[in-house]
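Novice: The following comprises the amino acid sequence and a computationally predicted model.
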Amino acid sequence: MKSLAAQNSPFADTAFQLDVLMQPQQQGTAFPMFGQRLLDHGLLPLKPTQISILQINVGKMCNQVCKHCHVDAGPDRKEIMTRETMQLCLDALAQTDIPVVDLTGGAPEMNPYFRWFVEEISKLGRQIIVRCNLTIILANKKYHDLPEFFKQHRVQVVSSLPYFTASRTDTQRGDGVFDKSIKALQMLNAVGYGQEGSGLMLDLVYNPAGSFLPGNQKALEGEFKRRLKQGYDITFNNLFAITNLPISRYLDYLISTGNYEPYMEKLVNAFNPAAAANVMCRNTVSVGWEGSLYDCDFNQMLELPVESRAPRHIRDFHLEALTARNIVINQHCYGCTAGAGSSCGGETVS
Ligand code: SF4
Ligand code: SF4
């Protein structure tokens with residue numbers, strides 16, 4: 001399977017995606033504007049609370065081509081962050097005390113400067129999260145020692161595993177992904193990840209396979225823990241249940257299967273003001289592979305930069321100005337505010 005970009009799909013065009021999201025629906029009235037819902041609950045303009053996470057997308061290259069990928073990542077994507085831009089991120093971090101750096105991609109480990117970057121962030125004493133797709137650990141001999149490398153830098157590993165069965169995982173992420181993911185999880189467990197008392201955090205990410213909202217996070221976590229322990233002797237710390245946002249490949253899937261309107265309706269009807277108050281863009285700034293700044297990784301993929309009054313490139317990073325910004329919102333934001341809420345750390349309302 002190729003990325004949408006390589007297929008020249010209209011869904012690779014962010015203006016096209018935004019048009020779809022903003023269009024009045026065919027059978028009736030348009031969905032209410034997300035901004036109006038925030039206004040109704042005293043949350044517009046949406047402002048950051050405190051920036052505690054710098055999420056850095058180091059590139060769109062990936063060894064997988066998952067069906068619902070909001071990045072449209074894959075082996076055919078060549079956009080990756082340069083060492084110079086990474087240095088600008090380090091300079092920005094050094095002038096702040098932002099405690100958490102969240103590295104994402106693509107497969108962030110495929111960036112040739114990934115290990116150097118982790119080492120340099122580590123020297124700054126920040127907590128590092130790596131969104132590791134698991135299969136990368138087995139993709140090539142040069143990645144086999146990643147569990148040891150992560151351990152050395154006390155990296156928190158956060159990994160997608162859509163389900164505890166091969167069929168559902170492979171349907172979403174590609175043939176053979178489940179078996180490789182299991183092997184990689186066992187390798188992480190072997191060096192101490194997910195083991196009680198080790199302090200090495202291994203978290204899993206669940207996202208629904210179809211056009212439905214995730215079930216209860218705690219219940220899913222219990223079931224995943226039981227099934228992975230029984231079947232494969234795997235342990236992990238937390239499970240994050242994440243809602244699929246209607247952008248990129250998932251938007252393409254919704255439209256091509258006729259599920260777009262019913263899915264949007266579900267998101268809109270499940271709008272939860274408590275989740276809206278806790279959206280992750282209120283404590284995060286997202287950096288793109290070329291150094292541009294965004295409110296979150298979803299806005300980044302829609303090419304919606306931070307508002308023009310705020311610094312828009314990592315070289316101009318200014319914590320106070322970014323904390324004072326108005327967050328850029330659109331209809332896809334309903335994905336973060338449905339039910340118990342959704343963020344890169346799972347539910348936002350307990
Ligand atoms: S592993 Fe992650 S980045 Fe790569 S294609 Fe799958 S969802 Fe996208
Ligand atoms: S999609 Fe991004 S900007 Fe919108 S609510 Fe979610 S985190 Fe915030």
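Specialist: Done, it's in. Ligands and ions are numbered 1, 2, ... in the order given.
Novice: Around ligand 1, which positions in this protein sit nearby?
Specialist: Residues of the chain found near ligand 1 (CB under 6 Å from any ligand atom) are Cys62, Gln64, Val65, Cys66, Cys69, Val71, Ala73, Gly74, Gly105, Gly106, Ala107, Asn133. The C-beta positions use only the backbone N, C-alpha and C, and glycine is treated the same way.
Novice: Please report how far the third one lies from ligand 2.
Specialist: When you say that, I think you mean Val65. 23 Å (CB to the nearest ligand atom, to the nearest Å).
Novice: ok, that residue - contacts?
Specialist: The contact partners of Val65, by CB atoms under 8 Å, 6 or more residues apart in numbering, come to Met1, Lys2, Ser3, Ala73, Gly74, Pro75, Gly174.
Novice: redo that, cut-off 7 Å
Specialist: Met1, Ser3, Gly74, Gly174 (CB atoms under 7 Å, 6 or more residues apart in numbering).
Novice: For burial, what's the neighbour tally of the first one?
Specialist: Okay, so that is Met1. Using other CB atoms under 10 Å, Met1 has 12 other residues around it.
Novice: low pLDDT regions in the protein?
Specialist: 25-29 (pLDDT under 70).
Novice: how about 90 then?
Specialist: Under the criterion pLDDT under 90, the flagged ranges of the chain are 1, 23-30, 209, 350.
Novice: Work out for me the element the residue nearest to Gln331 when sequence neighbours are not counted sits within.
Specialist: Of all residues not flanking Gln331 in the chain, Leu21 sits nearest, at 4.2 Å (CB to CB, 6 or more residues apart in numbering). Assigning secondary structure by DSSP states H and E places Leu21 in helix 14-22.
Novice: Mind giving me the packing neighbours of that helix?
Specialist: The contact analysis (3 or more CB pairs under 7 Å, 6 or more residues apart in numbering; DSSP states H and E) places helix 14-22 against helix 248-256.
Novice: can you list contacts of the helix it packs on?
Specialist: Contacts for helix 248-256 (CB under 7 Å, 6+ apart): 4, 9, 11, 17, 20, 67-70, 72, 211, 244, 246, 260, 263, 301.
Novice: so how many other residues sit close to Asp233?
Specialist: That count, for Asp233 with other CB under 10 Å as the rule, works out to 11.
Novice: gap between it and Asp297?
Specialist: Distance, Asp233 to Asp297, by CB to CB, to the nearest Å: 33 Å.
Novice: got it, and Lys67?
Specialist: Distance from Lys67 to Asp297, by CB to CB: 18 Å.
Novice: again with Ile98
Specialist: Counting by CB to CB, the gap from Ile98 to Asp297 is 16 Å.
Novice: of the two, who's got more company?
Specialist: Asp297 (24 against 21).
Novice: show me what contacts the more buried one?
Specialist: Applying CB under 7 Å, 6+ apart, the residues near Asp297 are Gln55, Asn57, Thr104, Ser286.
Novice: Ser181 too?
Specialist: Ser181 touches Leu134, Thr135, Leu161, Thr169, counting by CB under 7 Å, 6+ apart.
Novice: Whichever residue of the stretch 201-350 of the chain sits closest to ligand 1: how many residues sit nearby?
Specialist: Residue of the stretch 201-350 of the chain nearest ligand 1, by CB to the nearest ligand atom: Arg249 (8.3 Å). When neighbours are defined as other CB under 10 Å, Arg249 has 24 of them.
Novice: Show me what from the stretch 151-300 of the chain comes close to ligand 2.
Specialist: Counting by CB under 6 Å from any ligand atom, the residues of the stretch 151-300 of the chain near ligand 2 are Val279, Met280, Cys281, Asp295, Cys296, Phe298, Asn299.
Novice: Thr243 and Gly215 touch, don't they?
Specialist: No. Using CB atoms under 7 Å, Thr243 is not in contact with Gly215; the gap is 11.1 Å.
Novice: Just to check, Ile129 is in contact with Arg154?
Specialist: No. Counting by CB under 7 Å, Ile129 does not reach Arg154; the two are 10.9 Å apart.
Novice: of the two, who's got more company?
Specialist: Taking neighbours as other CB under 10 Å, Ile129 and Arg154 compare with Ile129 leading, 21 against 12.
Novice: Can you classify that one as helix, strand or coil?
Specialist: With DSSP: H, G, I helix; E, B strand; the rest coil as the basis, Ile129 sits in strand.
Novice: need the contact list for it.
Specialist: Ile129 touches Val100, Asp102, Leu103, Gln156, Val158, counting by CB under 7 Å, 6+ apart.
Novice: hmm, try it at 6 Å
Specialist: Going by CB atoms under 6 Å, 6 or more residues apart in numbering, Ile129 touches Asp102, Gln156, Val158.
Novice: again, but for Cys69
Specialist: Contacts of Cys69 by CB under 6 Å, 6+ apart are Arg249.
Novice: if we go to 8 Å?
Specialist: Contacts of Cys69 by CB under 8 Å, 6+ apart are Cys62, Ser248, Arg249, Tyr250.
Novice: Then Phe31?
Specialist: Gln25, Met264, Glu265, Val268, Gln331, Tyr334.
Novice: Then Asn330?
Specialist: Leu18, Leu21, Met22, Phe34, Leu302, Leu304.
Novice: Got a quick ChimeraX command for the buried subset of those?
Specialist: What follows is the ChimeraX syntax selecting those of the contacts of Asn330 that are buried according to 16 or more other CB atoms under 10 Å:
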select :18,21,34,302,304
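Novice: Ligand 2 next: which of the contacts of Asn330 are close?
Specialist: Okay, of these, nothing touches ligand 2 (CB under 6 Å from any ligand atom).
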